[in-house]
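Asks: requesting a structural model of the entry that follows:
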Amino acid sequence: MVNRTLGCIFDALLSDREVMVGWWNDGYRILIETPRKLTLTEIQNLSKQLFGLTKKEVDDAFNEYLEAKFPFSYKMKFVAERFGALPRGKTMSYERMSQLPTRFIGTPIRDETLREAMIEKVDIKRVKEIMQQVGTGKTKVSTICSEEKPSPLAYHILAKFSDTSELMAPADVLLNNIDRMKKTVEARMARMLCMSCGEWFSEEKIRDLSQQPACSRCGSKLLAVLYRSQDANHLREILKKRREGRDLTEEELRELTKARREADLVLSYGKNAILALEVKGVGPETASRILGKMHPKEEEFYMDLLKAKIQYLRTRAYWEEKNKD
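Replies: Presented below is the predicted three-dimensional model:
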């Protein structure tokens, strides 16, 4: 409750200065996303400003946040139902729910929602105590900047709300990430098209595949692994055009070439090739390099896949920009 309240107050103060993009909290941390990299001096100054508020400034900042964003729309729905202003039990879209504070402004419904929320969701009193303790020196606020990886304490909230948790993982967390990645990949559905007959298509969980999957129609092991949004019928049609000697567009030729390269890997390495190709950022070239090591231990195989994923995450902005060109 205290961290949520602090987050609301920080939002009001930092949004006005265009220093905050978004924020999240749990019982031990508050994560703030900024629109740009801040210098150490900027962070130190912000820290002093955020934790140097008077009681009145705490109230003003929280009220400003309420007026601008009112985070209790979900609770307001149930209060409005109790008042009979909304039908009970009906689902409501996020957009409609976000309009409730405006709809019920100046009514007892808003007053009751705010009264309950102030009891159940926030703790203004404790925040004021913290500010006072910082002001008297009883509580110390330290500013630590890391150019490398975050501390293990900070990592947990980053892992929960960030898309690149492996990229930032401390060394002692990396092994756990390997096991998690293995379970995640093995639980995925592999979409496979036979490049020999061009007719057989299958979707199976990777963990249920044999070590050397094969087409049940012609027995070939030349199976292309389709990415999630790839249309199997479209690839099948491209393959048919090629066999009939019809011309392919540049885009069709690229798609067919990539599918064939993936199929060659499945032919050579079986299920491991499918596992590798299902890891984010691992394409045929990277998969071929990793699979060619013939790892004696499974952990080493997954470690190389995780490293490849991390490398992709580090350079993703470059590849996305290149694809636009």
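Asks: surely Ile30 and Leu14 touch.
Replies: No: in this structure, Ile30 is not within contact of Leu14 by C-beta atoms under 8 Å, at 11.4 Å. Where C-beta positions appear, they are placed from N, C-alpha and C, glycine not excepted.
Asks: what's the overlap in contacts for these two?
Replies: Residues touching both Ile30 and Leu14 by C-beta atoms under 8 Å, 6 or more residues apart in numbering: none at all.
Asks: spatially nearest residue to Glu18 (excluding sequence neighbours)?
Replies: In space, and not counting its chain neighbours, Glu18 is closest to Pro35: 6.8 Å by C-beta to C-beta, 6 or more residues apart in numbering.
Asks: check which residues of the one helix or strand Ser288 maps to are buried.
Replies: Taking DSSP states H and E as the criterion, Ser288 maps to helix 284-291. Applying a neighbour-count criterion of 16 or more other C-beta atoms under 10 Å, the buried positions in helix 284-291 are 284, 286-288, 290-291.
Asks: who are the packing partners of it?
Replies: Here helix 284-291 is seen to pack against helix 250-269, helix 271-277, helix 298-324 when contacts are counted using 3 or more C-beta pairs under 8 Å, 6 or more residues apart in numbering; DSSP states H and E.
Asks: contacts for it?
Replies: Contacts of helix 284-291 (C-beta under 8 Å, 6+ apart): 258, 261-262, 265, 268-269, 272-273, 276-277, 282, 301, 304-305, 308.
Asks: among the residues you listed, the buried ones, what's the ChimeraX command?
Replies: Of those, the buried ones can be selected in ChimeraX as follows, counting by 16+ other C-beta under 10 Å:
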select :258,262,265,269,272,273,276,277,282,301,304,305,308
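Asks: quick check: the farthest pair among the contacts of helix 284-291?
Replies: Lys258 and Phe301 (22.5 Å; C-beta to C-beta).
Asks: returning to what we had before: output the helices and strands packed on helix 284-291 as CSV; include the columns mean pLDDT.
Replies: Compiled in CSV, these are given as follows (pLDDT from 0 to 100):
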stretch, mean pLDDT
helix 250-269, 93
helix 271-277, 94
helix 298-324, 69
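Asks: how many neighbouring residues does the closest residue to Ile43 other than its chain neighbours have?
Replies: Closest residue to Ile43 in three dimensions, ignoring its sequence neighbours and counting by C-beta to C-beta, 6+ apart: Thr143, at 5.7 Å. Taking other C-beta atoms under 10 Å as the criterion, the count of residues near Thr143 is 12.
Asks: Thr143 touches Asn45, doesn't it?
Replies: No: applying C-beta under 8 Å, one finds Thr143 not in contact with Asn45, separated by 9.5 Å.
Asks: nearest to Glu203, of the helices and strands packed on helix 284-291?
Replies: Closest of those to Glu203 is helix 271-277, at 12.1 Å (criterion: C-beta to C-beta).
Asks: export only the CA atoms of the closest one, formatted as CSV.
Replies: Output for helix 271-277, consisting of C-alpha atoms alone and laid out as CSV, is shown next (Å, rounded to 0.1, in the frame of the first residue of the first chain):
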residue,chain,number,x,y,z
LYS,A,271,14.0,-32.5,-32.4
ASN,A,272,16.9,-30.4,-31.2
ALA,A,273,16.7,-28.3,-34.3
ILE,A,274,13.0,-27.6,-33.6
LEU,A,275,13.8,-26.6,-30.0
ALA,A,276,16.5,-24.2,-31.2
LEU,A,277,14.3,-22.6,-33.9
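Asks: that one - contacts with which helices or strands?
Replies: strand 223-226, helix 250-269, helix 284-291, helix 298-324.
Asks: nearest to Gly52, of these?
Replies: helix 298-324 (36.2 Å).
Asks: how does this structure divide into domains?
Replies: Domain assignment of the chain by automatic domain parsing yields the ranges 2-163, 173-324.
Asks: off-centre distance for the shortest one?
Replies: I take that to be domain 173-324. In this view, domain 173-324 has its centroid 22 Å away from the chain centroid, taken as C-alpha atoms, centre = their mean, to the nearest Å.
Asks: buried sites along stretch 106-119?
Replies: Residues of stretch 106-119 classed as buried by neighbour count (16+ other C-beta under 10 Å): 109-110, 112-114, 117.
Asks: which one of the contacts of helix 284-291 is nearest to Ser196?
Replies: Looking across those and measuring by C-beta to C-beta, the closest to Ser196 is Glu262, at 13.9 Å.
Asks: what separates the closest one from His156, distance-wise?
Replies: Distance of Glu262 to His156, computed by C-beta to C-beta, to the nearest Å: 36 Å.
Asks: list the contacts of the strand or helix carrying Val58.
Replies: Following DSSP H and E, the helix or strand that holds Val58 is helix 55-69. For helix 55-69, contacts defined as C-beta under 8 Å, 6+ apart pick out 5, 8-9, 11-13, 15, 53, 71, 114, 122, 124, 127-128, 131-132.
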